[in-house]
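J.: here's a sequence, model it:
(one chain, ligands or ions: 1)
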Amino acid sequence: MFNRFPTDPNPQANDTPMPTELNEQDRKHFRSLLEARRKTLLDETREILLEQQDEHFVDLAGRVHDLEEESVADLLVDLHIADMERHIDELYDIENALRRIEQQTYGECVDCSVPIDKPRLEAYPTAKRCLPCQQRHEQTHAGNRHPTL
Ligand SMILES: [Zn+2]
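T.: Residues are numbered from 1 along each chain as shown. Here you go, the predicted model:
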């Protein structure tokens, strides 16, 4: 029931054409994708809170939809509810992506500033790196547990 955006597909699976910068219509499109996903996550979060059978959580559940201006993720992270960790991570990603849309930096790789190609954003609207940078990022982080040096 907790549908997520598909995780980053195998980055080597397809040769992508030259990326192009997003226009206003693209930004609107991706914003509506992100906002719809955010609403779904908030609805699920609300259900989880209501299932807690705890007055404090029920009160929070009532407030979740009134938190347009605040970061919902910041509120939820204080609750330490294991079921919500994935939601919280994704809400952070979505809120950051929406902020990048506002700042007109959405769709640019945060590492190298090259436009991320649209099929990648379509499959993975919270993507903040182009494929080569994402691969480098994952390799860097994958090595942390077993340092070879
Ligand atoms: Zn990059």
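J.: so where's the protein uncertain?
T.: Scanning the chain with the threshold set as pLDDT under 70 gives 1-19, 52-83, 143-149.
J.: who in it is up against the ion?
T.: Within reach of the ion by Cβ under 5 Å from the ion, the chain has these residues: 109, 111-112, 130, 133. Yep, even glycine has a C-beta here, placed from its N, CA and C like the rest.
J.: neighbour-wise, which of those residues leads?
T.: residue 130 (24 neighbours; other Cβ atoms under 10 Å).
J.: ok, now how distant is residue 23 from the ion?
T.: 20 Å (Cβ to the ion, to the nearest Å).
J.: apologies, that question was intended for residue 126.
T.: In terms of Cβ to the ion, residue 126 sits 15 Å off from the ion.
J.: report the contact partners of that residue.
T.: 5, 34, 90, 93-94, 96-97 (Cβ atoms under 8 Å, 6 or more residues apart in numbering).
J.: list the helices and strands the lengthiest helix in the chain packs on?
T.: Across the chain, the longest stretch assigned as helix under DSSP state H is helix 24-51. Using 3 or more Cβ pairs under 8 Å, 6 or more residues apart in numbering; DSSP states H and E, the elements in contact with helix 24-51 are helix 55-64, helix 72-77, helix 85-102.
J.: switch the cut-off to 6 Å
T.: For helix 24-51, the packing partners by 3 or more Cβ pairs under 6 Å, 6 or more residues apart in numbering; DSSP states H and E come out as helix 55-64, helix 85-102.
J.: identify each buried residue in that helix, please.
T.: 26-27, 29-31, 33-34, 37-38, 41-42, 44-46, 48-49 (16 or more other Cβ atoms under 10 Å).
J.: how near is residue 27 to residue 48?
T.: Going from residue 27 to residue 48 by Cβ to Cβ, to the nearest Å gives 31 Å.
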